[in-house]
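1. Just to be clear, the model below is a prediction. Sequence and coordinates:
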Amino acid sequence: MSWTIGVDIGGTFTDIVVVGDRGEQVQWKQDSTPHRLSEAIELGLEAVAGELGVSLRELLTGTTSFVHGSTVATNTLIERNGPRVGLVCTAGFRDALYFRDGFKPDRFNLALPRPDDFVPRYLRLGVRERVLADGSIELPLDENSVAEVARTFAHHGVESVAVALLWSHVDPAHERRVREVLAERLPGIPVMLSSEILPEIGEWTRTSATVLSAYAYPRTATYLEELASWLAANGLDGSLQVMQINGGCAEVAQALRVPVNLVHSGPAAAPAASRHIAARAGLANALTIDMGGTSFEAGIMRDGEISLSRSEMIAFQPLGVAGVEIRSIGAGGGSIAWVDDGGALRVGPQSAGASPGPAAYDQGGESPTVTDANIVLGYLSTDAFLGGRRRLRGDLARAAIETHVARPLGLGDPVVAAAGVIRVVEENMVSAIRAVTVERGIDPRSFALISGGGAGSLHAARLAAALDIPRVVIPAQAGTLSAFGMTVTDMRHDHTAALFATTRDLDTTAVGAVLTDLEERALQDLRASGFADEDVRLERTVDARYAGQIHELITPVPAGQFDDEAVRELAESFHGMHRERFTYALEAAPIELLHWRVSGIGRRAQGEAAPLAMTGGGDPAPASRGTRRAYLLEQGEFADVPVYASEALAPGAEVAGPAILDGATTTILVPAGHRLVGDGVQTYVMERV
């Protein structure tokens, strides 16, 4: 017996999914433990082992793959509670972080304060050296200036160092020597080089990615190494793997080479889960939503491929690396409802988190949350939450809504206030979905909506209706979507080289040599992880733009020999993508090509899943659990709504709305005018009728 395990730590719950080689599957939600994140993993794994009827050691000994979505890097950067970081740069260029790209994050907000830097100016120090754009050395590295920097860093107690010298991505020799000198004078202090973190053109972005990596590395490395040691001590024979922002996983040592890749680690797994689910449902185009306790994420998959972007940011700083394109907002079940100074109802981004949690948790929380509103409206059962493991207090939920929402708004009825909370948070979520579709020129009506997160399926039907999306797919793993994604994701390593060229004067031999080198490096990484060449897929892309543009599009590069025909195909792809995104293409204009990329993807063995069988008409009565008084938002009144146990719904059983399906990890709301059909393994399709 062997298992694959995925673990995703969220702000409220830590989700664990265990998939056995015989089709067994356990989903578990454990309260997150912010004081020591790994405690929730340890407690959850003990509980899952009990569900499987084995000991913790037997579970881990039989585990062939353990993938973890870590929040440590993200939280360290958001909360700014990381180490004291020093930046080494070329003398005279220490203010690249300050000047940014010359624009504010929100260009039309006159009152927007300037984002704080992760490195104060007195710790941004220059060394005497100069490499030119062609890689030639104008001024050799003055090692005495590096020694001066080391003394200053030691005096101020610097705990991590970022090195970002001019044009180091062309010739990294000076950066490497700086690291050697610092290692001699600052033993034990980690040093991150921009030529290794992000070897690309763009001084601010390259410096930012390196600084963020230096800031996130110490805490992230300590956490992952301690977790890996605990897992090994308790029986895990293989290596711990972590999710990366690019949607693939990597072994800890490989992932820590570029720590910024571990930002948004957990949410990046949801699209991987959706791709697997979409394949079962025969869907090429799908939108993914993942609504947990703290946040709401929206992503997109087109033609079976997950959309990637290089414009991802955190704390108003660019990550630089290619990441799964996700729109994330503070709109989870634990998001707090509040009334602003102008008397307007707001929801989020503040969250009640795991502790104290929503008022209904009865853990001392008094702030009203989306979860509390769903309880007041009758959508969430106070007895069936987490499969009955936690009893919810409806009276506390109602009191919180009445005290902090209804009264400040002058409403006499807390039900009306709760309905307002739901309307506001759903409008926020619709805006997030629009950001990855309509605002990019993509019509969401041609997509299906895959609903994930413990809270997502309470709102999915209304979100789809607001965007005129015809179909909602709710997978069996909806409540633990990201954790499930970690059990079906592939291993991935990205490699980049900067080589500027245009389609008019492209040296195909030089580009071919660069691509060959990148492919060999990707293969070496995956071979080191035990993958045979036949289990590896190589994807090639390039950052392309028209002359004068300041943004690029990630454009596919044809496989095989890079010749004139490949250049023609590349150009056609870019023009088509540009037309789709911006409504026009300059087909007679040359295309500038900046960064060449190869992604090595190691395909992991996955059990074959049968296609979804969605022929309706079956009787749902055997799964009936009576009725519950629930508020019909569209009609503005309460009604006795049929309730079903989602786990007991037979294959082909059809449920007509309004109805509620209670499950162990998620609750599904079927509004009036909708029908839901199940396939017998707790995956459902919901459509408007």
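-> Structure received.

2. can you list the domains in the chain?
-> With domains defined by automatic domain parsing, the chain comprises 3-76+221-241, 80-213, 491-602, 621-688.

3. Would you work out how far apart the start and end of the second one are?
-> From its first residue to its last, domain 80-213 covers 13 Å (Cα to Cα, to the nearest Å).

4. what does stretch 334-353 give?
-> OK, stretch 334-353 end separation, Cα to Cα: 6 Å.

5. what's the spacing between that stretch and its chain's center?
-> Per Cα atoms, centre = their mean, to the nearest Å, the displacement of stretch 334-353 from the mean C-alpha position of its chain is 23 Å.

6. Counting neighbours, which bits of that stretch end up buried?
-> For stretch 334-353, a neighbour-count test (16 or more other Cβ atoms under 10 Å) marks 334-339, 345-348, 350-353 as buried. Heads up, the C-betas are built off the backbone N, CA and C, glycines and all.

7. if we can go back for a sec, now the domains of the chain in JSON lines, with distance to residue 392?
-> Formatted as JSON lines, the domains of the chain follow (distance: least, Cβ to Cβ, whole Å):
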{"stretch": "domain 3-76+221-241", "distance to residue 392": "14"}
{"stretch": "domain 80-213", "distance to residue 392": "32"}
{"stretch": "domain 491-602", "distance to residue 392": "40"}
{"stretch": "domain 621-688", "distance to residue 392": "12"}
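
8. Show me the one of those that comes nearest residue 296.
-> Nearest of these to residue 296, taken as Cβ to Cβ: domain 3-76+221-241 at 11.6 Å.

9. So what's the model's average confidence on that closest one?
-> Taken as a whole, domain 3-76+221-241 has an average pLDDT of 91.

10. thinking again about what came up before, okay if I get the domains of the chain as a markdown table plus mean neighbour count and distance to residue 419?
-> Supplementary listing: the domains of the chain in a markdown table, determined by neighbours: other Cβ atoms under 10 Å; distance: least, Cβ to Cβ, whole Å:
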| stretch | mean neighbour count | distance to residue 419 |
| --- | --- | --- |
| domain 3-76+221-241 | 20 | 23 |
| domain 80-213 | 18 | 31 |
| domain 491-602 | 17 | 38 |
| domain 621-688 | 19 | 6 |
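
11. before we move on, back to that, between the buried residues of stretch 334-353, which sits nearest residue 264?
-> residue 351 (16.6 Å).

12. Hmm, that closest one is touching residue 329, no?
-> No. Counting by Cβ atoms under 8 Å, residue 351 does not reach residue 329; the two are 11.3 Å apart.

13. Find the residues that touch each one of these two.
-> residue 295 (Cβ atoms under 8 Å, 6 or more residues apart in numbering).

14. Ignoring the adjacent residues along the chain, who's closest to residue 473?
-> residue 450 (4.9 Å; Cβ to Cβ, 6 or more residues apart in numbering).

15. How many neighbouring residues does the one you found have?
-> Using other Cβ atoms under 10 Å, residue 450 is surrounded by 30 other residues.

16. so what's it scoring on pLDDT?
-> In the predicted model, residue 450 carries a pLDDT score of 95.

17. Beyond the host helix or strand of it, next helix or strand please.
-> Assigned by DSSP states H and E, residue 450 belongs to strand 448-452. Per DSSP H and E, the first helix or strand lying C-terminal to strand 448-452 is helix 460-466.

18. what about that next one, distance to the chain center?
-> 22 Å.

19. what pairs with the very next helix or strand once past that helix, and is each one parallel or antiparallel?
-> Under the assignment DSSP H and E, the closest C-terminal helix or strand after helix 460-466 is strand 471-474. Strand 471-474 has the following strand partners under DSSP bridges: strand 448-452 (parallel), strand 684-688 (antiparallel).

20. and for strand 471-474, what are the contacting residues?
-> 277-278, 281, 283, 286, 448-451, 457, 460-461, 464, 612, 666, 668, 683-687.

21. how far away is the closest residue in space to residue 142 that isn't next to it in sequence from residue 149?
-> Counting by Cβ to Cβ, 6+ apart, the nearest residue to residue 142 once its immediate chain neighbours are dropped is residue 128, at 3.8 Å. Distance of residue 128 to residue 149, given as Cβ to Cβ, to the nearest Å: 10 Å.

22. just residue 44 next, same as before
-> Distance from residue 44 to residue 149, by Cβ to Cβ: 45 Å.

23. Is the most far-flung residue of the chain relative to its centre in a helix, a strand, or coil?
-> What lies farthest from the middle of the chain is residue 144; by Cα atoms, centre = their mean that is 43.0 Å. Look at residue 144: counting by DSSP: H, G, I helix; E, B strand; the rest coil, its state is helix.

24. ditto for the one 10 residues further on
-> Secondary structure state of residue 154, per three-state DSSP, is helix.

25. Contacts only, for the residue nearest to it when sequence neighbours are not counted.
-> Among residues not flanking residue 154 along the chain, residue 186 sits closest, at 6.2 Å (Cβ to Cβ, 6+ apart). Contact analysis of residue 186 by Cβ under 8 Å, 6+ apart lists 150, 153, 154, 158, 161.

26. these two touch, right, residue 678 and residue 652?
-> Yes. Counting by Cβ under 8 Å, residue 678 touches residue 652, with 7.4 Å between them.

27. Fine by me, thanks again.
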